[in-house]
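J.: whatever this is, show me its structure:
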Amino acid sequence: MKSILLKIARVGIVTEPARPYSDSELEEVGAELRTVIDQRFRGSLAIRQVDAGSCNGCELEIHALNNAFYDLERYGVHFVASPRHADLLLVTGPVSRHMQHALKATYDATPDPKWVIAVGTCAADGGEFGVSYASLGAIENVLPVDAVIRGCPPTPLTLLRGLLTFLTRR
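T.: Have a look, this model is predicted:
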């Protein structure tokens, strides 16, 4: 342990300083999203994210929405652990057969009015997996889907745009 600390002291800081970054498109979409959420949901939209059998690419992009750069909560959107507290289900991946029951139970536990958004190519149409002995394919084969956000995986900005598009047409 002592040798590691001495090496750290000897080498010093080897990373570059963080550059300030501003993404005007992100700020614009976020401001619109904030306005819609304030008007329609009294300032707070609760989302329950469900992985129905994906490769986790879409989940990584969804989780990025919570990091310090995108900071989704500043726009009034937050993720909840229970479907009983959710306004919207964000479902990723093709529905694997062993997740079918859990997905339906999550949907049933979500209070009305409830919406389902399929995220990613696999959730939209089954993607690489399609319908097989292990997969039921698209989310719409199991649940009613209100909107689809395509991409493999969709970027965080694409997710925000898709969420905004869905909320404004409701």
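J.: rest of the way, CA atoms for contacts and neighbours
T.: Will do.
J.: what packs against the longest strand along the chain?
T.: Of all the segments of type strand in the chain, defined by DSSP state E, the longest one is strand 45-51. Taking 3 or more CA pairs under 8 Å, 6 or more residues apart in numbering; DSSP states H and E as the contact definition, the neighbouring helices and strands of strand 45-51 are strand 77-79, strand 88-92.
J.: again, only this time at 10 Å
T.: Packing contacts for strand 45-51, counted by 3 or more CA pairs under 10 Å, 6 or more residues apart in numbering; DSSP states H and E, involve helix 24-41, helix 57-64, strand 77-79, strand 88-92, helix 100-109, strand 115-119.
J.: so the second one versus strand 88-92, what angle?
T.: The reference is to helix 57-64. Inter-element angle recorded for helix 57-64 and strand 88-92: 140 degrees (by axes from the mean of the first three to the mean of the last three CA atoms, to 10 degrees).
J.: name the residues of helix 57-64 that are buried.
T.: Buried residues in helix 57-64, counting neighbours by 16 or more other CA atoms under 10 Å, are found at 58-59, 61-62, 64.
J.: give me the most central residue, this protein.
T.: Nearest to the geometric centre of the chain sits Ile62, at 3.3 Å (CA atoms, centre = their mean).
J.: need the contact list for the closest residue to that one other than its chain neighbours.
T.: In space, and not counting its chain neighbours, Ile62 is closest to Pro156: 6.4 Å by CA to CA, 6 or more residues apart in numbering. When contacts are counted by CA atoms under 10 Å, 6 or more residues apart in numbering, Pro156 touches 26, 58, 60-66, 70, 72, 162.
J.: tell me where the chain is predicted with low confidence.
T.: Of all residues in the chain, those with pLDDT under 70 make up the ranges 18-22.
J.: let's see 80
T.: Along the chain, the parts satisfying pLDDT under 80 run over 13-22, 170.
J.: that older thread, relative to Glu140, which of the buried residues of helix 57-64 is nearest.
T.: Distances from Glu140 to the buried residues of helix 57-64, taken as CA to CA, are shortest for Cys58 (17.4 Å).
J.: surely the closest one and Gly151 touch.
T.: Yes. Look at Cys58 against Gly151 with CA atoms under 10 Å: they come within range, at 8.6 Å.
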